[in-house]
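Undergrad: After the sequence you'll find the predicted model.
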Amino acid sequence: MDMLEKGKISALQMEFLIVPAIIATGVLSIPSISGRLAGHDMWMTPIAGSIIGFITVFIAWKLHQLFPRMTPIEYSEQILGKALGKLFNFFLVSFYLHTTGIVIRQYSDFITGNVMLQTPSVIFSITIVFVSALAVRGGIEVMARSAVICTTLFMVTSLSLLLLLKEIDLSYMRPVLENGLLPVMKGSLVHSSWFSELFLLAFIFPFINDSKKGLRSGMKSALYIVLLLLYVNFFVLTLLGVSSVNQFYPVYSIVRAISVFGFFENFEVIITASWVLGNFVKVSVFLYAISLGLAQLLKLSDYRPIVFPLALLLIFLSYWDIPNIMSVVEFSTRTQPFYFVIVQTVLPLLLLLIAMARRKWRESH
């Protein structure tokens with residue numbers, strides 16, 4: 001088969017790409033939503049929510065084993081047939097376009113609302129999409145190399161929360177399971193929607209140079225994401241208590257409280273800078289999946305010429321559908337958990353079951 005992407009990356013580079021691709025927006029907004037749903041037990045929600053993540057990695061990997069050199073866009077046509085496959089692919093590409101629009105909007109609204117209050121948010125949308133588009137045009141190897149640097153900085157700055165250890169109040173974690181398991185399950189559903197994005201691995205698996213390590217790296221990525229969310233939720237809960245639900249970005253407000261020896265302050269500037277890098281990786285991975293997917297859907301010989309037109313479309317989408325940040329929070333809480341898990345976990349599972357059934361049938365006939 002003709003590969004639109006000639007690049008190869010290592011399994012470790014894939015981890016660097018995928019961790020911020022899931023977590024960059026989630027770190028800021030998930031704690032307040034899971035706190036609203038689960039109260040004192042919000043720290044448990046990532047653990048329950050991660051189950052969907054591990055299942056999604058496994059499904060993506062199994063599909064990759066059946067169709068080793070193909071992306072979902074290519075094998076879904078083989079599994080579902082030409083017409084149904086094309087329909088499914090069109091839906092998948094549209095889904096990622098819509099999702100990336102929301103991501104870009106969350107990013108630019110956060111910066112305009114908290115850091116640069118005078119600058120129009122569209123400026124930030126344009127800059128992150130433009131830089132991401134440059135990386136995507138460079139191909140997966142360029143993306144992976146930049147992700148190694150950006151993700152490292154993104155992860156290292158999260159350690160600054162440890163400076164707040166002496167301030168935490170563990171009594172905020174009690175009573176444990178005050179209202180039973182239901183609130184935890186509701187909070188974990190919000191996490192599930194983010195974890196289901198691990199299906200993006202299916203677009204990266206074909207380009208790993210040592211494909212045997214793919215599953216292990218995918219599972220490790222899911223584990224890193226759980227640990228990071230646990231860590232963030234723990235600090236938000238033990239520093240702000242249940243009042244964290246009143247803030248859109250509780251992580252940002254606790255970082256503003258960091259002061260070392262009363263001398264080093266304004267850590268939020270460093271955190272924001274590293275968070276921008278994390279979002280750059282996230283938008284790049286999504287834009288890459290969209291560009292590669294659309295090029296394969298339309299049977300183009302190269303995906304690079306459509307990267308910038310798609311980038312422009314993303315900027316429009318990030319404003320067209322979303323009146324304000326409140327509607328994003330509403331969407332993340334009510335619609336997103338079901339919508340994301342159905343598209344990125346349930347539908348791929350159906351693809352896998354159909355592919356395995358067809359293979360069995362072929363072998364027995």
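TA: Looks like it arrived, so ask away. Numbering: from 1, shown residues only.
Undergrad: you'd agree Gln118 is in a helix?
TA: No. Counting by DSSP: H, G, I helix; E, B strand; the rest coil, Gln118 is not found in a helix; it is coil.
Undergrad: So what does it have for phi and psi?
TA: Dihedral pair for Gln118: phi -90, psi -20, per degrees, to the nearest 10.
Undergrad: what's around it, how many residues?
TA: 5 (other Cβ atoms under 10 Å). C-beta here means a position set from N, CA and C on the backbone, and glycine is covered the same way.
Undergrad: And Gly81, by the same measure?
TA: Neighbours of Gly81 under the rule other Cβ under 10 Å: 11.
Undergrad: What pLDDT does the model give it?
TA: At Gly81, the pLDDT value in this model is 85.
Undergrad: Also Leu84?
TA: Predicted confidence (pLDDT) for Leu84: 91.
Undergrad: Equivalent analysis for Pro20, please.
TA: For Pro20, the pLDDT comes out at 86.
Undergrad: residues in contact with it?
TA: Residues near Pro20 by Cβ atoms under 8 Å, 6 or more residues apart in numbering: 147, 150-151, 154, 277-279, 281-282.
Undergrad: Follow the chain on from whichever strand or helix holds it and name the next helix or strand.
TA: Using DSSP states H and E, Pro20 sits within helix 11-38. Proceeding N to C from helix 11-38, the next assigned helix or strand is helix 45-66, under DSSP H and E.
Undergrad: I figured Leu37 hits His191, correct?
TA: No. Judged on Cβ atoms under 8 Å, Leu37 makes no contact with His191 at a distance of 10.3 Å.
Undergrad: out of the two, which sits in the more crowded spot?
TA: Shown here are Leu37 and His191; by other Cβ under 10 Å, His191 has more neighbours (27 against 21).
Undergrad: Whatever helix or strand the more buried one lives in packs against which elements?
TA: Taking DSSP H and E as the definition, one finds His191 inside helix 182-195. Secondary-structure packing of helix 182-195 (3 or more Cβ pairs under 8 Å, 6 or more residues apart in numbering; DSSP states H and E): helix 11-38, helix 45-66, helix 214-240, helix 325-334, helix 336-341.
Undergrad: who's in contact with whatever helix or strand comes next after the third one?
TA: It refers to helix 214-240. Going down the chain from helix 214-240, the next helix or strand is helix 250-255, by DSSP H and E. Contacts to helix 250-255, defined as Cβ under 8 Å, 6+ apart, come from residues 27-28, 31-32, 35, 110, 114, 160-161, 164, 232, 235-236, 239-240, 244, 247, 267-268, 271-272.
Undergrad: on that earlier part again, so which one among the contacts of Pro20 has the lowest pLDDT?
TA: Of all those, Phe154 has the smallest pLDDT value, namely 81.
Undergrad: neighbours around Glu363, how many?
TA: 7.
Undergrad: what does Val57 give?
TA: Residues near Val57, counting by other Cβ under 10 Å: 26.
Undergrad: Please tell me I have it right and it contacts Leu201.
TA: Yes. With contact defined as Cβ under 8 Å, Val57 reaches Leu201; the gap is 6.2 Å.
Undergrad: Quickly list what's touching both of those two.
TA: Common neighbours of Val57 and Leu201 (Cβ under 8 Å, 6+ apart) are 218, 221.
Undergrad: No further questions, thank you.
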